Structures are given as structure tokens and as C-alpha cells.
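> Show me how the following folds:
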Amino acid sequence: MGGSVMHNLAIALHDAGMQVTGSDDEFFEPSKSRLAARGLLPAYDGWNPDAITPDLDAVILGMHAREDNPELIRAKELNVRIYSYPEYLYEHTRNKIRVVVGGSHGKTTTTSMIMHVLREAGVKFDYMVGAQLEGFETMVRLSRDAKIAVFEGDEYLTSPLDLTPKFHWYRPTIALLTGIAWDHINVFPTWENYVWQFEEFSRRIEPNGTLVYYAGDPELKKIASGCRADIKTLPYDGLKAANDHGATVAEHAGKRYELSVFGSHNMQNIHGAMLVCRELGVDDDAFMTAMKTFRGAAKRLQILKQTSDSTIFLDFAHSPSKLKATTEAVREHFSDRKLVAVMELHTFSSLNKSFLPQYAHAMDAADEAYVYYNPEVIEHKRLEPIEPKDVERNFAHRNMSVFMDSALLVSHLRQLDLKNTTLLIMTSGNFSGVDLKQLADQLIG
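Residues are numbered from 1 along each chain as shown. The predicted structure follows:
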């Protein structure tokens, strides 16, 4: 239970009044301190099959569980009920209205928008989301009394023991799909296989349920048109918005609302979240009023540092579609500034030589583009080596530099003149151990 989601699940169950114990081979911060504060941290690291007894109601496995785990073996011997964590989330909420947000991009942001609005509206709900959100102590909440559950629906596999994509477990009452852009090629080796996961997700919507989907995605339009007759389909496109002296002002139903988030992708996310909340009984004006105080999720266009003429953003973008949407959003919002974009190739897909062509023109909105990757990570993942020229050719950016040493990249960034500049840092990692907040303070301190 040391992982980011699993320790939040342990805390959620503890806070709901259940007796929770757990184990892991290692515990890191912040999970270690957060578990210790609730008396949930085990006395030592490692596995203890003696802790598995017949009086346990259930064992919940983390996503990295292995067949040879001694506690798992013992649980099977004793016929203790065993769940994966997405299976358990479904089991706990099977009698609730389940809202599940899926898609290749925008899942966390759209889920957090729905959560923010429901909280502002005074609606009780359970949730599971993949990032720490402002105003929410944990990433998971499970209760006995809430009638609604809001889940971020990840298409990645549940665990090495369960090859079911996580979001197939959730069987939504209301589903939202943001878009489909090929990712996770180590698991879904073809485009067709990847798209099929979303088709299957739509087939698992509960009877008389609802599918909210982005109308600009041709694959989603096909999926929606093929839904069962009992499923209500609601397309969305995006709210109209304009940059008014640095503030984003969105228009809806003849009213104007000043927002903190920006970019066409976020206007799409807001529109989709609005349709979901409308289905849950929140009227559009109440939704948009609540969105005025929405600041976004951690690492989703998170401001690391800003001055009067410079801003440094950190974003989780790493796949081609996320990279393109985020870069274009910053370009559009800060059109009078130079845009410097830095990204790290970190995931299995992004470091796969055959996948690199998917990145063509993904950073074109940036005036200067920098890409970092660590050759040791490629070797560790047992992938074919890639050269800087491979990255440059496939990204096809007019002004790109590629780094394989993070210290050299940091040194180069420190030499840049960032006056009247927006620096966009995009990664699902940390550039091989760089303290990005500290770096931001140094760059425009």
C-alpha cells in the first residue's frame, strides 16, 4: 500500500471507519508520512504471510502485485476474497451512480472539474482521481452514504495478474470520453487494438446510461453511433472563449465567466464536464459559476514561477496529443511572448523508436523546443537505442535541440534570456532527478 493510489485508498477506507492493514517492499514520501499519521504504516517493510488470516474480509492488490508474492499465495490458500483496486472500487460503489471519465488525454483535468463543481454545489460523492487536487486531502474517497462516485478511467492494464484495462471494471452510469490518440504501445500494439478498448468501455455502460463524448473525434463519433439503443449519447465541442487582457472569459447562455484555466482543450473539457454535471442535476449557471474558482490539477499547466513578464509552467503532457494541445494552448494564451517548450521522453511509448513518428509537429507552436531523454532508461526498458537525429527528424520542429544529459539541459536553460517568455516544461518524470521547482526559482528568481 505504498503506491500513490493504493496509499490513498488505504486512507480512504480508514477514514470511512474500516480496519485497514497493509504492506509493501518499500515506502516513500509522501505516502510514508501520510500512512504513519493515521497509524497505518506497518512496523517494517516487506511481506509477512502470517498477517493474512481467515478473518480478513478482503485483500486488495496493488497494480504491481506478482504471482509469487507470499501474502497473495497465503490469501489464496485461505480462500480470502482478493480484489484488484479497480475491481474493489466497483464493488464498493456498485449501487451508486458512477461517473467515469476516460480518454487518451484530459482525464484528470475533466474529472477534477466535475469534482470541483459537485463540491461547490454541496453534493456528496465518492471519487478516485490520478492527481492531488486543491481542496481535496486525498486522491480517493469512499463512503457509505454518498450516492455518486466519480472516477478517472485509465485504459492501462489493472496489474500483471489482471490484464483488464482499469476502466473496463467501472461499468459507468455516466461515461465521458475526451478523445482517442494512440498510447501505451507496449500493451496495445496497434491502433485498432487501442481503439477497441474504448469501444468495449462503451459497451460496459450500465443499462439506460449516458455517454458524453467529444464530437470532434471521429473514432468517438463512430463509438457513439454504435451504442446500444438504451444509451443516451451527448456530444460536446467546446465553449467559446477569448483572452481579455490576460484573463480567459468564456461565454455560455448569454453570460460571461472569467476563468483561471485556458486553451481550447480546456474549453472542451469544461463543456464535457458541464454535460455530466447537468445529468447529475447541476444547472449550467451554477456549474460555470463554480468553474470561476477552479485552478486545475497538480502538474496540469501548474505555475512553478512567474514574474510580470515571464511564466514557467509544469505540465504532465508526454504523449503526442497532450504535447500538441498543451503547447498550442500556451501559445494562444501568451501570444505576445516567446514560447520555449521543454519535454522529456520518459514513457515506454515515447522512447520506442517506432512510435517517434507520432510526435511529428507536436511542438510546432513553440519558438524554441528542447527534448530530453536518458539512454539508460531506454536500455533499462530493453528498447532499441535512439539517436538525437531520430528525435529531431520525427518531431520535425524548425528550431529544436535534443539533450541526453539533464545537467547539460539545465545549464543551457540557465543561459536563456527568459524576459517576455513563457517556459513550458512537460514531463511525466523529472528529467532524471531535477528539482523543477528549484530550477524555476533559479531561472526567473
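
> Next up, phi/psi of Tyr156, please.
Comment: the main-chain dihedrals of Tyr156 come out as phi -70, psi 160, following degrees, to the nearest 10.

> Gln23 and Tyr236: what is the separation?
Just to correct that, residue 23 is Ser rather than Gln. Here Ser23 is placed at a distance of 43 Å from Tyr236 (CB to CB, to the nearest Å). The C-beta positions use only the backbone N, C-alpha and C, and glycine is treated the same way.

> Counting neighbours, go ahead and name the busier of the two.
Neighbour comparison, Ser23 and Tyr236: the larger count goes to Tyr236, with 22 against 19 (by other CB atoms under 10 Å).

> Now that one. Nearest residue, chain neighbours left out?
Counting by CB to CB, 6 or more residues apart in numbering, Tyr236 lies nearest to His271, which is 4.3 Å off, once chain neighbours are set aside.

> Name the SS class of that neighbour, please.
Taking DSSP: H, G, I helix; E, B strand; the rest coil as the rule, one finds His271 in the helix state.

> can you give me the helices in this protein?
For the chain, helices defined by DSSP state H occupy the ranges 4-15, 31-37, 70-77, 85-93, 107-120, 191-203, 218-225, 264-279, 284-291, 320-333, 375-380, 388-395, 406-414, 436-443.

> what angle do the longest one and helix 284-291 make?
Okay, so that is helix 264-279. An angle of 130 degrees separates the directions of helix 264-279 and helix 284-291 when computed by axes from the mean of the first three to the mean of the last three CA atoms, to 10 degrees.

> residue closest to the middle of the chain?
Thr108 (4.1 Å; CA atoms, centre = their mean).

> what sits against it?
Contact analysis of Thr108 by CB atoms under 8 Å, 6 or more residues apart in numbering lists Val129, Gly130, Ala131, Glu152, Ala297, Arg300, Phe316.

> Please apply the same query to Gly106.
Taking CB under 8 Å, 6+ apart as the criterion, Gly106 is in contact with Thr178, Gly179, His265, Gln268, Asn269, Ala325.

> let's go with 6 Å and repeat that
By CB atoms under 6 Å, 6 or more residues apart in numbering, the residues touching Gly106 are Thr178, Asn269.

> Distance-wise, check it relative to Thr427.
Here the criterion is CB to CB. By it, Gly106 lies 17 Å from Thr427.

> least confident pick among the contacts of Thr108?
Across the contacts of Thr108, no position has a lower pLDDT than Ala297, which has 80.

> bridging residues for that one?
Judged by DSSP bridges, the bridge partners of Ala297 are Leu133.

> According to the record, where do the domains of the chain fall?
Using automatic domain parsing, the domains assigned to the chain come out as 4-80, 93-291, 302-443.

> First-to-last residue distance for the shortest one?
Terminal residues of domain 4-80 are spaced 25 Å apart (CA to CA, to the nearest Å).

> Same check on the second one?
For domain 93-291, the first and last residues are 27 Å from each other (CA to CA).

> do the same with the last one
Using CA to CA, the end-to-end distance of domain 302-443 comes out at 16 Å.

> How many neighbouring residues does the closest residue to Lys419 other than its chain neighbours have?
Nearest residue to Lys419, sequence neighbours excluded (CB to CB, 6+ apart): Asp309, at 5.8 Å. Look at Asp309: counted by other CB under 10 Å, it has 13 neighbours.

> ditto for Arg98
24.

> pLDDT score for it?
Predicted confidence (pLDDT) for Arg98: 98.

> who's it bridged to?
Here Arg98, judged by DSSP bridges, has bridge partners Ala149.

> for it, what are its contacts?
Contacts were defined as CB under 6 Å, 6+ apart; by that measure Arg98 touches Ala149, Tyr170, Pro172, Thr173.

> again, only this time at 10 Å
Residues in contact with Arg98, defined by CB atoms under 10 Å, 6 or more residues apart in numbering, are 89-90, 126, 148-151, 153, 170-175, 205-206, 209.

> measure it to Val129 for me?
When distance is defined by CB to CB, Arg98 is 14 Å away from Val129.

> Repeat that for Glu77.
Between Glu77 and Val129 the distance is 35 Å, computed by CB to CB.

> I figured Gly296 hits Gln132, correct?
No. The pair Gly296 / Gln132 is not scored as a contact, 11.4 Å apart, by CB atoms under 10 Å.

> ok, for Leu9, nearest residue in space, not its chain neighbours?
Leaving out its chain neighbours, the residue that sits closest to Leu9 by CB to CB, 6+ apart is Val140, at 4.9 Å.

> burial measure for that neighbour, as a count.
Here the number of neighbours of Val140 (other CB under 10 Å) works out to 22.

> pLDDT score for it?
95.

> Please report how far it lies from Gly433.
In this view, Val140 and Gly433 are 28 Å apart by CB to CB.

> same check, this time on Asp405
Counting by CB to CB, the gap from Asp405 to Gly433 is 12 Å.

> Tell me which of these two has more neighbours.
Asp405 (12 against 9).

> show me the contacts for that one.
When contacts are taken as CB under 10 Å, 6+ apart, Asp405 is in contact with Tyr372, Asn374, Pro375, Ser411, Ser432.

> Most neighbours among the residues you listed, please name it.
With neighbours set by other CB under 10 Å, the maximum within those is found at Tyr372, which has 24 neighbours.

> Check what pLDDT it gets.
So Tyr372 comes in at 98 (pLDDT).

> Same check on the one 5 residues further on?
What the model reports as pLDDT for Val377 is 94.

> Just give the number of residues close to it.
A count of neighbours around Val377, defined by other CB under 10 Å, yields 17.

> and it, what is it in contact with?
The contact partners of Val377, taken as CB under 10 Å, 6+ apart, are Glu344, Leu345, His346, Thr347, Phe348, Leu351, Leu383, Gly429, Ser432.

> Which of those residues fall in strands?
Judged by DSSP state E, strands contain the following of the contacts of Val377: Glu344.
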